[in-house]
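A.B. asks: pasting the sequence and the predicted coordinates here, then a few questions.
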Amino acid sequence: MAAALLEQLVNGLMTGSIYVLIALGMVLIYGVMHVLNFAHGVLFMVGGYVCHFFYTRLTGSYTAALLLSMATLALIGAGIERSIFRPLQGNLRNQVIASLGLILVIENLVVAIWGPNALQMKTPATEHLISLGELRFPLQHLMIIVVTSVVVAALFAFLKWSKLGTALRATSQDRNAAMVVGIPVERVDVASFALGTALAALGGALVGPLFLVFPQMGDAPMVKGLAGILLGGMGSVPGAVIGGLIIGVAESVSTLFLPTDYRDSIAFAIMVLILLARPRGLFGVRMRGEA
Amino acid sequence: MRRAGLLMLLVAALYSIPLVSAPYVLHILVLCCLYAIPAVGLNLMLGYTGLVSLGHIAFAGIGAYTAAYLMVDLKLGYWSALALAVAASGVAGAVIGAICLRFRSHFFMIVTLAFGLMLYSVMNNWDEVTRGAAGFPGIPRPAGFGPLESFYRLALGGALVAFAVQWLVVRSSFGRILVALRQDERLAEAKGVNAALCKTAVFALGSALAGLGGVLLVSFLRVAAPASFNLAESINAVLIVIIGGAGSLAGPILGALLFVGLPELLRVAAEWRLVVFGAILVLITLFAPNGIADLIARGWNRLGR
Amino acid sequence: MSHLAVQGLEKRYGGIAALDGCSFDIPGPGIYGFIGPNGAGKTTLFDIVAGATAPDRGEISLDGRRLTGFSPHRLARLGIARSFQECRVFGEYSCIENLLFSSIALGTRPDPAEAERLLKLVGLEAYATEPAASLSFGQRRLLEIVGTFLQRPRVLLLDEPAAGVNPALLEILATFILRMHEDRPSVCLVIEHNMEFIMGLAREVIVMHQGTVLERGDPQAIQTSPRVIEAYLG
């Protein structure tokens, strides 16, 4: 029993880390621009595809492919912000609808270009197993957890100490005040979108080797990332981390008691429960007339 | 009067289509009607009242599976099962709607999304009742409407009923209240509108219409499958309403025609169709918030003079 | 008839008391000005009387009937109408549609002739079928106020009606309010910062400060009261 629990804990931390990456991306964008980018999941997926492309076609180095994927998606994210979300500023309904349109465009473009079937991305880390007591995990599991931890730490440092990071925090707290003190909010918008999308790409690139790369791979993770930020609190960066991890661990541990078919429903149920019981989440930053 | 005459002519023409059309065309037209019906429901919610529901088609699923259970397991007559299934979707809409409507803007959309996903999960996993991912087979068509030409008339009838309901609501006081709620809910309340009640009512009505579409769909396909009622389909419904013209009477019909009919006629692969529609959706939000029906509405108004 | 009684209203937001034991009594119809420095609690008071917020403590009653905590739409049905500080109209609806909306909402018989007559009184008849969003701010304010009178209220709350309105339209607004009040008297409470505007309208002025009623009296007395002056300056 203890072994099974430990196994699911590790699995949960791994999937939770992926959800954290998605949740962080979404919360950064939401915090600064007050828009929920539902298309975040497909950008996660494209991150996986782009990584696969670089890895199999251009460079044999997984690390290089990963970084290139992040860079590419950051550019794409910036482009999307400029062309779609910036003009629609303040119009929530249209922003959401535009993001739905984006989902359709991107997901189906991927199917049209790469085909509907899943792609494999075999990296050395997926073959290599490490042992934890009597349990064995692919090295990729550990890699994901470590990489995410490093990224989270780096992000916290960036937000706290760097100039752009501080500008980001200021803009998300009070956009008007930020403008008054001379912060270039338009640049902060682009930066947050690019950064958020890069994080999503990292998630897709990290999870690709483990679970294959396929067009729908971002759909469920996006919702789980969303559940994570709801649980953690809509504007809260630490909340996104904790929320994402809780969702991941809860999901994995639930397979010990419930049929695995219902695994996905755990996140949905948590979402509904949080919204009913405590809409501002664990570390909710602001209410702003929401709920 | 000119308008009424034209409309009757149009309906008559629509009903005579089977006399002159190939089965392939009829098949497409049936799908158009079946997509239009839930779209009318969503149009009332989203277009007129401003409620962005991302889980609308899950209610079509509730209607479909309720009908499947009643018709196949309980062997209830077709029309009774249809009526009960539509009522069930409406009641589900009232209950779930009341919960979702406790939230505003972003949160409302998320809760509707969450409920849609949960309902899909139930449809997909509750094997004993819904037969799970493989689908619930053996859904009958009503007596006399078996063949394609006859079923077309049934689907068309359903679409006309939905359209009539929409028209009645829009021109009623209730309809004016919904449009006021979309513009400024706080102001409407200050003028005496019970916003929560009205929004729940339109959510229930929209869900009932979705249920009607769901029952007819699974009658047509002869099977009720979860894939017909997933998130992608809910997004398609939003697409149909927006592209056709949210908040206009003809919007859902036009949207359904464009969404189903056009690509079939152009023989385009499913992915490219959705890429184009997704792009059109984005372009519409950027440049033409009122959709295509707006243009047509202006032409229609000129006829009415 | 139309006896409005407010007793001991308290409302805190976080650590700040917006209303701290606010009480007053309005025995019958009349135009009453509410003035006071920013943060005195005037809009909070209106929000509570109109049902937009519930007080932490205290009661409101109209003709002896308790109204505390009722929802806005229920209060509208009981005859309470309000205008908003930021001026709210239905932008897509035409002026006439805006005016007739309250009868739709309340289920009463709409009176288009009356609506048109009132539009004419404020000089907006040319815009009767134009969407309200196409009007200037001052014109929208006029439309908003006309709309509140069409609700035939027993209690009418006007929140800074003069704010942002140019002097020419202000004249029309003041005349209109006085005229409507003659035709259909109500308990008309008006929050204002524009002293000239309110002193010409109100029979009595109530001064609020730090969440309570500081003083009340006729406009002349209030303008020269040392306590009031100190509240604004001190």
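C.D. replies: Great, that's in hand. Numbering: from 1, shown residues only, chains lettered A, B, ... in the order given.

A.B. asks: could you dump stretch B:21-34 to PDB, C-alpha only?
C.D. replies: Extracted C-alpha coordinates of stretch B:21-34, given in PDB (Å, rounded to 0.1, in the frame of the first residue of the first chain):
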ATOM      1  CA  SER B  21     -33.000  16.700 -54.400                       C
ATOM      2  CA  ALA B  22     -30.500  13.900 -54.200                       C
ATOM      3  CA  PRO B  23     -30.200  11.900 -50.900                       C
ATOM      4  CA  TYR B  24     -26.800  13.400 -50.400                       C
ATOM      5  CA  VAL B  25     -28.200  17.000 -50.300                       C
ATOM      6  CA  LEU B  26     -31.000  15.900 -48.100                       C
ATOM      7  CA  HIS B  27     -28.500  14.400 -45.700                       C
ATOM      8  CA  ILE B  28     -26.700  17.700 -45.500                       C
ATOM      9  CA  LEU B  29     -29.900  19.600 -45.000                       C
ATOM     10  CA  VAL B  30     -30.900  17.300 -42.200                       C
ATOM     11  CA  LEU B  31     -27.600  18.000 -40.400                       C
ATOM     12  CA  CYS B  32     -28.100  21.700 -41.000                       C
ATOM     13  CA  CYS B  33     -31.400  21.600 -39.200                       C
ATOM     14  CA  LEU B  34     -30.100  19.400 -36.400                       C
END
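
A.B. asks: and it, how far out from the chain's middle?
C.D. replies: Taking C-alpha atoms, centre = their mean, to the nearest Å, one finds the center of stretch B:21-34 at 17 Å from the center of the full chain.

A.B. asks: residues in contact with the helix or strand of chain C with the lowest mean pLDDT: which ones?
C.D. replies: Lowest mean confidence among the helices and strands of chain C (mean pLDDT, DSSP states H and E): helix C:226-233, at a mean of 81. Residues from elsewhere that reach helix C:226-233 (C-beta atoms under 8 Å, 6 or more residues apart in numbering or on different chains): C:G36, C:P37, C:V207, C:H209, C:L214, C:E215, C:I222. All C-beta spots, glycine's among them, are computed from the backbone N, C-alpha and C.

A.B. asks: so which of these belong to strands?
C.D. replies: Among the contacts of helix C:226-233, the members found in strands (DSSP state E) are C:V207, C:H209, C:L214, C:E215.

A.B. asks: show me the two of the residues you listed that sit farthest apart.
C.D. replies: Greatest spatial distance among those (C-beta to C-beta): C:H209 and C:E215, at 8.6 Å.

A.B. asks: neighbour-wise, which of those two wins?
C.D. replies: Taking other C-beta atoms under 10 Å in any protein chain shown, C:H209 and C:E215 do not tie; C:H209 has more neighbours (21 against 16).

A.B. asks: hang on, the earlier thing: between the contacts of helix C:226-233, which is closest to B:L197?
C.D. replies: Set against B:L197, the nearest of these by C-beta to C-beta is C:G36 (36.8 Å).

A.B. asks: so who does the closest one touch?
C.D. replies: Residues counted as contacts of C:G36 (C-beta under 8 Å, 6+ apart) are C:K42, C:V207, C:M208, C:H209, C:L214, C:A231.

A.B. asks: distance of the closest residue to it other than its chain neighbours relative to chain A?
C.D. replies: The shortest distance from C:G36 to any non-neighbouring residue, by C-beta to C-beta, 6 or more residues apart in numbering or on different chains, is to C:M208 (3.7 Å). Noted for C:M208: a distance of 26 Å to chain A, by C-beta to the nearest C-beta, to the nearest Å.

A.B. asks: name the nearest of the contacts of helix C:226-233 relative to chain B.
C.D. replies: Using C-beta to the nearest C-beta, C:G36 is the member of the contacts of helix C:226-233 that lies nearest chain B, at 23.1 Å.

A.B. asks: distance-wise, check the closest one relative to A:G239.
C.D. replies: In this view, C:G36 and A:G239 are 40 Å apart by C-beta to C-beta, to the nearest Å.
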